[in-house]
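Student: Predicted model follows, preceded by the sequence.
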Amino acid sequence: MDTNLQVLTSKEVQQLLRISKQTLHRWSNAGKLGTRVGRRWKYRADEIEELLKSK
């Protein structure tokens with residue numbers, strides 16, 4: 001288990017990827033990004049980095 005796992009909020013991911021709130025929610029609901037924690041979405045920083053590298 002990685003105890004140094006960095007987790008990003010929706011707002012941080014929107015800024016990093018330069019996408020709208022609606023796009024992020026659409027991708028999250030489609031299972032492309034993020035994990036649901038209660039009523040909120042959380043995103044692993046390493047997943048976002050991989051996505052940025054693939055662009």
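Tutor: Sure, I can see it.

Student: Every contact and neighbour count from this point should use C-alpha atoms.
Tutor: Will do.

Student: if I look at Asp46, how far off is Val13?
Tutor: Distance of Asp46 to Val13, given as CA to CA, to the nearest Å: 12 Å.

Student: ok, now Arg40?
Tutor: Counting by CA to CA, the gap from Arg40 to Val13 is 13 Å.

Student: For this structure, which segments are assigned as strands?
Tutor: With strands called from DSSP state E, the chain shows them at 7-8, 35-37, 40-44.

Student: Quick one: list the elements packing against the shortest one.
Tutor: In this structure, strand 7-8 packs against strand 40-44, with contacts taken as 3 or more CA pairs under 8 Å, 6 or more residues apart in numbering; DSSP states H and E.

Student: returning to what we had before: when Asp46 and Val13 are compared, which one has more neighbours?
Tutor: Val13 (21 against 13; other CA atoms under 10 Å).

Student: Need the pLDDT of Thr3.
Tutor: Per-residue pLDDT puts Thr3 at 59.

Student: Leu33 now?
Tutor: pLDDT, Leu33: 92.

Student: cool, and Lys55?
Tutor: At Lys55, pLDDT is 70.

Student: now the spatially most central residue of the chain: how far from Thr35?
Tutor: For the chain, the residue sitting closest to the mean C-alpha position, by CA atoms, centre = their mean, is Tyr43 at 3.5 Å. Going from Tyr43 to Thr35 by CA to CA gives 6 Å.

Student: so Thr35 sits right up against Lys42, yeah?
Tutor: Yes - counting by CA atoms under 8 Å, Thr35 touches Lys42, with 5.4 Å between them.

Student: Now do Leu17: how many residues are near it, please.
Tutor: 13.

Student: what's the burial count for the closest residue to it other than its chain neighbours?
Tutor: Closest residue to Leu17 apart from its sequence neighbours, by CA to CA, 6 or more residues apart in numbering: Leu52 at 7.4 Å. Number of residues near Leu52 (other CA under 10 Å) recorded here: 11.

Student: pLDDT below threshold where in this protein?
Tutor: Applying pLDDT under 70 to the chain flags the ranges 1-3.
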